[in-house]
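1. sequence-free structure coming up:
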């Protein structure tokens with residue numbers, strides 16, 4: 001039995017990056033031998049075991065063969081006669097197909113170290129094209145390592161194009177797709193993830209609503225970058241630079257979908273795009289079974305982001321309705337995330353990256369004024385039920401009127 005450290009731990013050590021999880025491959029062993037050594041099996045589908053002390057994953061060296069559509073359409077063969085090289089060649093990228101022995105010696109049969117030095121994301125073998133999930137994974141790695149100047153090798157991008165056109169992407173489950181999308185959006189360059197998917201044709205298959213934004217113009221006075229798709233890329237980059245959470249990044253990706261449905265004769269204006277986009281956002285949310293917090297913020301941001309940008313013009317009653325829509329009084333954090341999404345949208349315009357966004361402070365102050373209204377005096381007056389609710393709305397509206405007047409005088 002021989003044990004090797006493999007994959008990301010080797011790659012990141014060579015890049016000088018922190019190593020988080022460590023994966024191991026065991027060559028020359030059987031499942032029974034692993035059990036006899038105290039390892040615990042993980043499920044029944046893969047020959048993977050957990051170390052009795054560290055809990056790290058140890059997988060028996062294996063080969064795989066395509067047997068159906070999608071990510072799960074493979075049969076595996078694990079046996080003591082499967083070599084380390086046999087195991088490594090089934091991996092996606094050369095930089096993920098390296099190993100180290102227990103003396104720290106590098107085993108690199110497929111040129112991973114060379115591609116690390118060349119900053120290339122290159123597939124290991126033609127079998128890459130058998131797994132559609134690898135399209136998303138490569139785009140995610142591109143988003144992770146873009147700050148180090150990595151790019152997808154031309155021949156790998158061509159294989160990704162073939163996969164995108166093969167119908168295989170449609171076989172991916174919503175759960176697997178969302179897991180990759182969510183991880184990619186949290187990488188240092190989520191805009192690169194979307195761009196790579198578009199370059200290989202996968203964006204048009206997976207999220208055609210976003211793909212449709214490219215080539216759609218906006219008024220240059222407000223959007224010097226003009227192209228709506230390019231704007232979305234800029235907004236995602238701002239999200240990463242300002243360390244926004246996944247909810248905000250997803251809302252920013254979704255917020256302008258309605259502009260893809262504006263009739264050409266109305267370009268570059270997009271009146272009513274907020275309402276046009278709601279059905280599209282809902283469809284994307286459903287397609288990937290997006291978590292509820294991300295779904296809700298995306299829909300609310302899509303509907304109300306223009307309110308955010310016009311905050312200083314809004315009447316007190318419109319502000320009150322906005323707060324009601326966000327359930328501000330019970331869920332203040334969601335409104336904070338909306339403000340962040342609006343700010344990223346504003347900064348995601350060419351030349352506006354460093355501009356302040358006073359609308360956020362104004363809305364935050366208005367929210368604070370409305371939330372400061374106490375219900376206790378109303379209860380002491382004996383109000384209850386619907387009457388209490390209406391009285392509370394009235395008091396909050398008065399507080400917002402006072403806030404707006406005070407702001408105007410300041």
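-> Sure, I can see it. These numbers were taken from a predicted model, which means no experiment stands behind them.

2. alpha carbons only for contacts and neighbour counts from here, please
-> Noted.

3. how many neighbours does residue 410 have?
-> By the measure other Cα atoms under 10 Å, the count of residues near residue 410 is 6.

4. And for residue 387?
-> By other Cα under 10 Å, neighbour count at residue 387 equals 12.

5. name the element it belongs to?
-> helix 385-409 (DSSP states H and E).

6. all helices for the stretch 101-250 of the chain, in order.
-> Ranges of helices within the stretch 101-250 of the chain are 112-118, 133-145, 154-164, 174-185, 190-199, 202-206, 208-211, 228-241, 246-254, based on DSSP state H, counting those that start in this stretch.

7. and these as CSV, adding mean neighbour count and mean pLDDT?
-> Below are the helices of the stretch 101-250 of the chain laid out as CSV (neighbours: other Cα atoms under 10 Å; pLDDT from 0 to 100):
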stretch, mean neighbour count, mean pLDDT
helix 112-118, 17, 97
helix 133-145, 24, 97
helix 154-164, 19, 96
helix 174-185, 18, 97
helix 190-199, 24, 98
helix 202-206, 20, 98
helix 208-211, 22, 98
helix 228-241, 24, 98
helix 246-254, 25, 98
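
8. Out of those, flag the one nearest residue 218.
-> helix 228-241 (6.4 Å; Cα to Cα).

9. Give me the helices and strands touching the closest one, please.
-> helix 190-199, helix 246-254, helix 332-347 (3 or more Cα pairs under 8 Å, 6 or more residues apart in numbering; DSSP states H and E).

10. domain parsing for this structure?
-> 1-118, 373-409 (automatic domain parsing).

11. And the ones you listed: which comes nearest residue 197?
-> Per Cα to Cα, nearest to residue 197 of those: domain 1-118, 16.4 Å.

12. how much space between the closest residue to residue 240 other than its chain neighbours and residue 92?
-> Among residues not flanking residue 240 along the chain, residue 188 sits closest, at 5.8 Å (Cα to Cα, 6 or more residues apart in numbering). Applying Cα to Cα, to the nearest Å, the value for residue 188 to residue 92 is 21 Å.

13. Could you do residue 11 as well?
-> 13 Å.

14. More neighbours: these two, which one.
-> Between residue 11 and residue 92, residue 92 has the larger neighbour count (other Cα under 10 Å), namely 24 against 21.

15. that older thread, surely the residue nearest to residue 240 touches residue 143?
-> Yes - judged on Cα atoms under 8 Å, residue 188 makes contact with residue 143 at a distance of 6.4 Å.

16. Residue 317 contacts residue 397, doesn't it?
-> Yes - with contacts counted by Cα under 8 Å, residue 317 reaches residue 397, the gap being 6.5 Å.

17. Would you mind telling me which of the two has the busier surroundings?
-> It is residue 397, of residue 317 and residue 397, that has more neighbours when counted by other Cα under 10 Å, with 21 against 16.

18. you'd agree the more buried one is up against residue 372?
-> No - counting by Cα under 8 Å, residue 397 stays clear of residue 372, with 11.8 Å between them.

19. still on that earlier bit, which among the domains of the chain is found nearest to residue 288?
-> domain 1-118 (15.3 Å).

20. now the end-to-end length of that closest one.
-> For domain 1-118, the end-to-end distance is 34 Å (Cα to Cα).

21. coming back round to it: residue 298 is nearest to which of the helices and strands packed on helix 228-241?
-> Judging the helices and strands packed on helix 228-241 by Cα to Cα, what sits closest to residue 298 is helix 246-254, at 3.9 Å.

22. The closest one packs against which elements?
-> helix 174-185, helix 228-241, helix 292-309, helix 332-347.

23. Following the chain onward from it, which element is next?
-> helix 273-287.

24. relative to helix 246-254, how tilted is that following helix?
-> 120 degrees (axes from the mean of the first three to the mean of the last three Cα atoms, to 10 degrees).

25. Tell me what angle helix 273-287 forms with helix 174-185.
-> Using the same axes, to 10 degrees: helix 273-287 against helix 174-185 is 120 degrees.
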